[in-house]
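Novice: Build me a model:
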Amino acid sequence: MASSGRPLDLDPRGVTNPDVTRGPRLHRRAILSLGGGWRSDAAARWVFIWPTVVVILFLSIFPLVASLTLAFSELVFARGRIEVDFVGLQNFQILLFGTERTHLLGLLKPPTPLGWVIFGLGLTVILRSLVGSLTGGHVRPLGALLRIAGAVLAAGLLWLVVQTLFSEGGRPGSLVVTMIYVFAGIVVQFLLGLGLALLAVQPLAGRRFFRIVFMLPLTITPIGVGYMFRMMTDTGKGPLEPIFGLLGMGQYTWVTDPWAARIAVIIGDTWQWTPFVFIVLLAALEGLDQEVREAAFVDGASHRQSFWHITVPAILPVSTTIVLIRLIEGFKIVDMPNILTGGGPGTATQSLTLQAYLDWRTLNLGRSAAIAYILLFLVTVIATGYVAWWRRRIRPV
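Specialist: So this is what the prediction gives:
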């Protein structure tokens, strides 16, 4: 031992016992891992995100549950108390088959020959779309059943439109009037927004100024827009009275003719929401790859061919999203017809939302909630069908 040349360590403090140090080390590691766990992303989601999600879900689900309860009930306001009586489907029965059927669905009459032609063409399109969706790929039984139900609903809505708009003596109800606002407004707003966006991307003098001007209607509240158009459509005392006089419309009133009143509502809604379509399409157009268009021009493509084969496919995903947003928002129109025409003449310009509001204002809360759920069902079905229809046609590259 002495010949090894290594001194002996006789101090017991220099001896390391692994069994003695293993316990404190494992305890310290557990504490560190616990602290790191609480500082991890999963713990942050539980501590910070989920309480907010729970609050938002409560604020979203509670009104749905409360309104669903009201839709199947009748509220009676008595002195010092509120009585809630469960009436089942009575509110829906009154709206769809009872005394409020004409108000909601309209006055149904046999279609004219033009109405039969429109119904036949529309039904052909619906059937072709249904057959294509069922035979285009593997479809599950539930998916097939939902598509058949959607096709039946679309055919029913088409038949309702034909019986109220393309018939002798027919009159549209609030459901058809709402659909007129939605689809006519979407077509006009999209075409105007696309045209303005195409002009704004051209190298023209003052285009920055016009971009700002085009955005101004979007900064005004819907109530302000409604009162502004109410003043402008006044042919007797409005600011456009001299122009109406020159056109021979000095004694004309928009609110006495049903279609003129509806057109006035569509014009006001279009004036307000076209800037939204314009700004989104402008951003999409400015994000296009100009080298592709320049290469197409070099190969001899015209501006028209470049637009249809390069620009339109590039902005198609953005366009479908814009239409979906305006589709959902359009069904909720209430400010413009309420302020501009008051829902008149009669009920000619009442939307579903305005009808629900008027029932709520007269304390008929059950029927108001039933209208709201009819609107919710209609918007859900149409929006879902629209998204599914486009999803089958837009394939990822």
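Novice: Strands of the stretch 1-150 of the chain, residue ranges please.
Specialist: For the stretch 1-150 of the chain, strands defined by DSSP state E, counting those that start in this stretch occupy the ranges 73-78, 81-86, 106-107.
Novice: Trp116 is nearest to which of these?
Specialist: Distance to Trp116, taken as CB to CB, is lowest for strand 106-107 among the strands of the stretch 1-150 of the chain, at 18.1 Å. Placement of C-beta: from N, CA and C, glycine included.
Novice: Parallel or antiparallel, list what pairs with the closest one.
Specialist: In the sheet, strand 106-107 lines up against strand 171-172 (antiparallel) (DSSP bridges).
Novice: returning to that earlier point: most tightly surrounded among the strands of the stretch 1-150 of the chain?
Specialist: Neighbour counts (mean count of other CB atoms under 10 Å) averaged over each of these peak at strand 106-107, with a mean of 19.
Novice: now the strands of the stretch 1-150 of the chain as JSON lines including mean pLDDT?
Specialist: JSON lines is the format used below for the strands of the stretch 1-150 of the chain (pLDDT from 0 to 100):
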{"stretch": "strand 73-78", "mean pLDDT": "85"}
{"stretch": "strand 81-86", "mean pLDDT": "85"}
{"stretch": "strand 106-107", "mean pLDDT": "92"}
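Novice: can you list those in a markdown table and add distance to Lys332?
Specialist: A markdown table is the format used below for the strands of the stretch 1-150 of the chain (distance: least, CB to CB, whole Å):
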| stretch | distance to Lys332 |
| --- | --- |
| strand 73-78 | 24 |
| strand 81-86 | 27 |
| strand 106-107 | 20 |
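Novice: among the ones you listed, which is nearest Leu376?
Specialist: Using CB to CB, the nearest of the strands of the stretch 1-150 of the chain to Leu376 is strand 73-78, at 17.2 Å.
Novice: Give the other helices and strands that that closest one contacts.
Specialist: On a contact count with 3 or more CB pairs under 8 Å, 6 or more residues apart in numbering; DSSP states H and E, strand 73-78 meets strand 81-86, helix 365-391.
Novice: Restricting to C-alpha, output that strand in CSV.
Specialist: Output of strand 73-78 as CSV, limited to C-alpha atoms (Å, rounded to 0.1, in the frame of the first residue of the first chain):
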residue,chain,number,x,y,z
SER,A,73,-93.0,28.7,-23.7
GLU,A,74,-95.4,31.6,-23.3
LEU,A,75,-94.6,34.4,-20.9
VAL,A,76,-97.4,36.2,-19.1
PHE,A,77,-96.5,39.4,-17.3
ALA,A,78,-98.7,39.7,-14.2
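Novice: Need the residue closest to the centroid of this structure.
Specialist: With distances taken as CA atoms, centre = their mean, Ile328 lies nearest the centre of the chain, 2.0 Å away.
Novice: Quick one: distance of the host helix or strand of that residue to the chain centre.
Specialist: Counting by DSSP states H and E, the element that carries Ile328 is helix 312-330. Taking CA atoms, centre = their mean, to the nearest Å, the mean C-alpha location of helix 312-330 is offset from the chain mean by 10 Å.
Novice: Relative to Gly300, tell me which of the strands of the stretch 1-150 of the chain wins on proximity.
Specialist: Where those are weighed against each other on CB to CB, the nearest is strand 106-107, at 53.7 Å.
Novice: hang on, the earlier thing: closest to Ala372 out of the strands of the stretch 1-150 of the chain?
Specialist: Smallest distance to Ala372 across the strands of the stretch 1-150 of the chain (CB to CB): 13.7 Å, for strand 73-78.
Novice: dump the residue contacts of Phe209.
Specialist: Residues counted as contacts of Phe209 (CB atoms under 8 Å, 6 or more residues apart in numbering): none.
Novice: my guess is it is in a helix, correct?
Specialist: Yes - note on Phe209: a helix contains this position according to DSSP: H, G, I helix; E, B strand; the rest coil.
Novice: Mind pulling the model confidence for it?
Specialist: Phe209 carries a pLDDT value of 86.
Novice: Same check on Arg101?
Specialist: Reading off the confidence values, Arg101 has pLDDT 93.
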